[in-house]
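**Student:** Could you look at this predicted model? Sequence included:
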Amino acid sequence: MTRRRGRPHTDWCARDHRCNLAEHRAEEIVVDLPGHGRAVLTRVQVDGGSEYADVRLRIALAPVEPTARRQLGTLLGDLRTLVTRAALAGRPRSDIRRSA
């Protein structure tokens, strides 16, 4: 059995096999829409102490190519917006006011 290096478990850490390779992982949060898609969100703390959201998505695509491509384009645009909004939400309030 490999021992973890680094930081002790966090309050939100799953404290099981998910917590390995010099990182801590929370229990997954799953949003499942049968037939449409699934999202899995996991909070992660790496060995240096930085924290991240690990997000996996599975989206059902249309069976016809033009529609599937349109879905993918929409998905990419919305992901860019989501990542940008999440990054801005993590900034200190004083930085947000100055940039506005």
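**Tutor:** That came in fine, so what should we check first?
**Student:** Low-confidence regions, the chain specifically.
**Tutor:** The chain contains residues with pLDDT under 70 at 1-8, 14-18, 94-100.
**Student:** go with 80
**Tutor:** Within the chain, the set of residues satisfying pLDDT under 80 comprises 1-11, 13-22, 93-100.
**Student:** what domains does the record give for it?
**Tutor:** Split into domains by automatic domain parsing, the chain comes to 1-60, 61-100.
**Student:** could I get those domains as a markdown table with mean neighbour count?
**Tutor:** Using the backbone N, CA and C atoms, a C-beta is placed for each residue, glycine as well. Shown next, in a markdown table, are the domains of the chain (neighbours: other C-beta atoms under 10 Å):
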| stretch | mean neighbour count |
| --- | --- |
| domain 1-60 | 13 |
| domain 61-100 | 10 |
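**Student:** who's sitting farthest from the centroid in the protein?
**Tutor:** Residue distances from the centre of the chain (C-alpha atoms, centre = their mean) peak at V64, which lies 29.0 Å from the mean C-alpha position.
**Student:** I'd like to know the beta-bridge partner residues of I59.
**Tutor:** G37 (DSSP bridges).
**Student:** Helix or strand: which one has V30?
**Tutor:** Element membership of V30, judged by DSSP states H and E, is strand 29-33.
**Student:** Tell me how far H9 lies from P34.
**Tutor:** Distance, H9 to P34, using C-beta to C-beta, to the nearest Å: 34 Å.
**Student:** The chain: strands as residue ranges?
**Tutor:** 23-25, 29-33, 37-46, 51-59 (DSSP state E).
**Student:** And the ones you listed: which comes nearest R93?
**Tutor:** With C-beta to C-beta as the measure, strand 51-59 is the member of the strands of the chain nearest R93 (19.3 Å).
**Student:** any idea of the angle the closest one forms with strand 29-33?
**Tutor:** Counting by axes from the mean of the first three to the mean of the last three C-alpha atoms, to 10 degrees, strand 51-59 points 20 degrees away from the direction of strand 29-33.
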